[in-house]
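Engineer: following is a predicted model, sequence given first.
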Amino acid sequence: MNIKLTSPAAVAAALAGLMATAPVLAADYVQPAGNGSTLVFATKYDGEVFTGNFPGFSTRLSFDPANPAAGTLDVTIPLTDAKTGNDDRDSTLQTADFFNVAKFATATYTAKGFTKSGDNTYVANGKLELRGVSKPVTFTFEWTPGANPVLKGRATVKRLDFGVGQGDWKDTKTIPDETAISTVVKLQAK
């Protein structure tokens, strides 16, 4: 095909046509260290709600809101960093009965392909690997675009599916099976 471009207007029209048909590529994002991102869990102990966080987690995301099915999400969670504001509870979480950090120092969440569920809201059906067990976990997130986009999400994890809470800690009257997870991740283009 041979196209003759005889005027600046013809060149501009040709470029506009090419750009309109070019596929939009997903942008790659990372979570810079120390930027105020949070990964929080909440549950109960003997009926009292408590929360904790994983301050050392890191996130990589490839995402294009126009093509969420091509998105990928990778989160690495150092379990040794878990903090609840209670030293006894924090040290108990490190033991073989809970996270077993001597054997499994990190957890990971990976997802490929998202679905749109509303305005700027998406669902990732990914896999959580915790204590050597890999299980599906649905993660719903809200996307705030911009120069420094923000991903705000939530999930529910059944701790017993991953062996978190051995022995007497398996009792769901003491600690419920379901743990609420929430996150706010401030990202920058890679």
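Structural biologist: Ah, there it is. Residues are numbered from 1 along each chain as shown.
Engineer: what's the first helix or strand after the longest strand anywhere in the chain?
Structural biologist: Assignment by DSSP state E gives strand 133-144 as the longest strand of the chain. Remark: after strand 133-144, the chain's next helix or strand is strand 150-158, criterion DSSP states H and E.
Engineer: before we move on, back to that, could you give the angle of the longest strand of the chain to strand 150-158?
Structural biologist: Angle, strand 133-144 to strand 150-158, by axes from the mean of the first three to the mean of the last three Cα atoms, to 10 degrees: 150 degrees.
Engineer: can you pull out the helices in this protein?
Structural biologist: In the chain, the segments counted as helices under DSSP state H are 8-21, 87-93.
Engineer: select from these the stretch with the lowest mean pLDDT.
Structural biologist: For these, mean pLDDT drops lowest on helix 8-21, to a mean of 47.
Engineer: please name the bridge partners of the residue nearest in space to the middle of the chain.
Structural biologist: Geometric centre of the chain, nearest residue: Val75, 5.5 Å, by Cα atoms, centre = their mean. On the basis of DSSP bridges, Val75 is bridged to Thr59, Tyr109.
Engineer: contacts for stretch 70-81, please.
Structural biologist: 26, 39, 54-64, 93-94, 99, 101, 104-114, 122, 124, 126, 139 (Cβ atoms under 8 Å, 6 or more residues apart in numbering). (Glycine included, C-beta is placed from N, CA and C.)
Engineer: of these, buried ones?
Structural biologist: Burial by neighbour count, judged by 16 or more other Cβ atoms under 10 Å, picks out 26, 39, 54, 56-63, 93-94, 99, 101, 104, 106-107, 109-111, 114, 122, 124, 126, 139 from those.
Engineer: and stretch 158-178, what's buried?
Structural biologist: Under 16+ other Cβ under 10 Å, the buried positions of stretch 158-178 are Arg159, Leu160, Phe162, Gly163, Val164, Gly165, Trp169, Ile175, Pro176.
Engineer: make JSON lines out of those and add pLDDT and distance to Gly132.
Structural biologist: JSON lines is the format used below for the buried residues of stretch 158-178 (pLDDT from 0 to 100; distance: Cβ to Cβ, whole Å):
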{"residue": "Arg159", "pLDDT": "98", "distance to Gly132": "14"}
{"residue": "Leu160", "pLDDT": "98", "distance to Gly132": "15"}
{"residue": "Phe162", "pLDDT": "98", "distance to Gly132": "9"}
{"residue": "Gly163", "pLDDT": "97", "distance to Gly132": "8"}
{"residue": "Val164", "pLDDT": "98", "distance to Gly132": "12"}
{"residue": "Gly165", "pLDDT": "97", "distance to Gly132": "15"}
{"residue": "Trp169", "pLDDT": "95", "distance to Gly132": "18"}
{"residue": "Ile175", "pLDDT": "96", "distance to Gly132": "21"}
{"residue": "Pro176", "pLDDT": "97", "distance to Gly132": "23"}
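Engineer: could you identify the most distant pair in those residues?
Structural biologist: Spatially, the most separated pair among these is Gly163 and Pro176, at 15.8 Å (Cβ to Cβ).
Engineer: perfect, I'm done here.
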